[in-house]
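A.B. asks: model this:
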Amino acid sequence: MNDSAPSRAARLADVAQLAGVSAATASRALNGSDRGVREANRVKVLEAAKTLGYTTNFAAQAVAKGRSRGVTLVVKGMPDDFANPITAGVVAVAQRRGLPFTLISAGPDQADMVEAVNLARGHRPEILMIAGGRTSDDATIPALVEALQRYEAEGGRVVLATQEGLPFDTVAYANRQGGYDMATTLVGLGYRDFAVISGLKHGLTQRDRTEGFAAGLADAGIELSADRVLIGEFTRDAAYALTGELLRRNIAVDAVFAVNDAMALGVLTFLRDSGDPKRVAVAGFDDIKALRDVTPALTTVRLPWEQVAEEALALALGPRGDAPRTTVVEGHVIVRESTPPR
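C.D. replies: Alright, predicted model coming up:
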């Protein structure tokens, strides 16, 4: 045994003393909190903890606080083409903040989200984040709200990365604006005959993106008729089938807007398999990482996924507001090879 080894594990008080700060400041710095900790002090605390070999006793914290430190993300239907980018964003931000991370995957049915939230409540996480779109016909929303309110009453913090409208702090995406911007961009590139590969009939994400796209076309003097909006599942495979249905109608189409990138990949794949990959231009929405390996490179609306996660955790780790707060994160159009100028 090394005689120079310390006789006991370093404690929070030891870290605070070495860093020259209060125990409360050391605790907040080590727990990833932004409240009342200057950056210089945060660095000193982390350096002191490293020097002393200090590690946080999460089990003791959970017993003392009735809540375990970290963030639990609940997403619907993993693996899921929409959930992947927000999950990656939350993981990255949690790592930067030194927060333990847990992922719970809810099933595909509406009631599964309520069950997943109740499962998360049993683990007593400090922060519970809910990600993924909702539907306008979801009859389980009152039960979901009740479960989340119970969780907050038990001392946890809830933050949503989804549409506005529920009584909790929310980071929402500017889906309608992104659809609008995509329409005006494509019109500016010379396209005039459009179709939309949309998602579930009652899905709020696809509704907002489709309505925004139609509004952008309308402002340019172009009507998007109902027969040019194809409804199906929010997946790559559904978009593949819908593309075939669209092209069999023999209507003039020079550009297809798919309301997420996974669906856009389904469109591109159908066009490639049909032997005419350049038959129509294709655009998507989200800018998922899988696009790096796609040819032609896909035009899309880029959403800043790590910013979404950062904003969400900032809401959850900061002081509670007097009322639920909403932060709206905007995307921007990235023009690539799949929509060449006409």
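
A.B. asks: all strands for this protein, in order.
C.D. replies: Taking DSSP state E, the strands of the chain run over residues 68-76, 101-106, 125-131, 157-161, 169-173, 194-197, 229-230, 255-258, 281-283, 300-302, 326-329, 332-334.

A.B. asks: same list (those) but as a markdown table, adding mean pLDDT, distance to residue 91 and mean neighbour count.
C.D. replies: Where C-beta positions appear, they are placed from N, C-alpha and C, glycine not excepted. A markdown table is the format used below for those (pLDDT from 0 to 100; distance: least, C-beta to C-beta, whole Å; neighbours: other C-beta atoms under 10 Å):
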| stretch | mean pLDDT | distance to residue 91 | mean neighbour count |
| --- | --- | --- | --- |
| strand 68-76 | 76 | 8 | 23 |
| strand 101-106 | 85 | 6 | 18 |
| strand 125-131 | 89 | 11 | 25 |
| strand 157-161 | 93 | 13 | 23 |
| strand 169-173 | 94 | 16 | 23 |
| strand 194-197 | 97 | 29 | 26 |
| strand 229-230 | 96 | 34 | 19 |
| strand 255-258 | 98 | 26 | 30 |
| strand 281-283 | 98 | 28 | 27 |
| strand 300-302 | 97 | 19 | 25 |
| strand 326-329 | 95 | 18 | 16 |
| strand 332-334 | 97 | 23 | 17 |
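
A.B. asks: make TSV from these and add distance to residue 84 to it.
C.D. replies: TSV is the format used below for the strands of the chain (distance: least, C-beta to C-beta, whole Å):
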stretch	distance to residue 84
strand 68-76	9
strand 101-106	11
strand 125-131	10
strand 157-161	13
strand 169-173	15
strand 194-197	19
strand 229-230	24
strand 255-258	16
strand 281-283	20
strand 300-302	15
strand 326-329	17
strand 332-334	18
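
A.B. asks: give me the most central residue, the chain.
C.D. replies: Nearest residue to the geometric centre of the chain (C-alpha atoms, centre = their mean): residue 86, 3.1 Å.

A.B. asks: quick check: chain neighbours aside, which residue is closest to it?
C.D. replies: Using C-beta to C-beta, 6 or more residues apart in numbering and skipping residues adjacent in sequence, the residue nearest residue 86 is residue 131, 4.7 Å away.

A.B. asks: right, and that neighbour touches residue 73 too?
C.D. replies: Yes. Using C-beta atoms under 8 Å, residue 131 is in contact with residue 73, at 6.2 Å.
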